[in-house]
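**Student:** Predicted model, plus sequence, below.
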Amino acid sequence: MEYNPDKWMILKINDGNSIIYKVFGSWYGGFLDGDSWRVNSGITKIMFDKKTNSYRFYGESGSIYICHRDCYGVSAYGSSVIEGFIKKADGKIKSLSEEQFLEMWTRFNK
């Protein structure tokens, strides 16, 4: 399954034994439906498509998140969802800034 979020951010999860990176994608709702979000199963591979200026994140479940380079970040709704995750996780989940994502991407692709 492919997903094309309107906004996206990378979450870093420390489960005690390892570090897992996940894509948090959010979509703006329309008049009849509200904003929505999804978190992928865990990033296994990242590729960059120069033609579309988008990252392709491959997940453990086989899903692909196609995320435009200029759309890093979250909406106000997405921010409140991530803040809730972080608060409940007691420091085990962190959201990465765009600069931190670029550093992670460089390490991920070595």
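**Tutor:** Alright, I've got the coordinates.
**Student:** Is the residue nearest the centre of the chain bridged to anything, and to what?
**Tutor:** With distances taken as Cα atoms, centre = their mean, the chain has V23 as the residue nearest its mean C-alpha position (2.1 Å). Per DSSP bridges, the residues bridged to V23 are I10.
**Student:** pLDDT score assigned to it?
**Tutor:** The per-residue pLDDT reported for V23 equals 98.
**Student:** pLDDT averaged over stretch 68-85, what's the number?
**Tutor:** Summarised as a single mean, pLDDT over stretch 68-85 is 93.
**Student:** which other residues reach it?
**Tutor:** 5-9, 11, 24, 26, 28, 34-35, 37, 48, 52-55, 93, 95, 98, 101 (Cβ atoms under 8 Å, 6 or more residues apart in numbering). (Glycine included, C-beta is placed from N, CA and C.)
**Student:** List only buried entries from those residues.
**Tutor:** Buried members of the contacts of stretch 68-85, counted by 16 or more other Cβ atoms under 10 Å: 5-9, 11, 24, 26, 35, 37, 54-55, 93, 95, 101.
**Student:** among these, which two are most distant?
**Tutor:** Spanning the widest gap among the buried ones among the contacts of stretch 68-85 are S54 and I93, at 24.8 Å by Cβ to Cβ.
**Student:** shaky segments in the chain?
**Tutor:** The model of the chain has pLDDT under 70 over residues 110.
**Student:** quick one, helices of it?
**Tutor:** Assigned by DSSP state H, the helices in the chain fall at 76-89, 98-108.
**Student:** Which residues are in contact with I20?
**Tutor:** Counting by Cβ under 8 Å, 6+ apart, I20 makes contact with K12, I13, N14, G42.
**Student:** could you flag which of these are buried?
**Tutor:** With burial judged by 16+ other Cβ under 10 Å, the buried subset of the contacts of I20 is K12, I13.
**Student:** Looking at the contacts of I20, spot the one nearest R107.
**Tutor:** Closest approach between the contacts of I20 and R107, by Cβ to Cβ: K12, at 11.8 Å.
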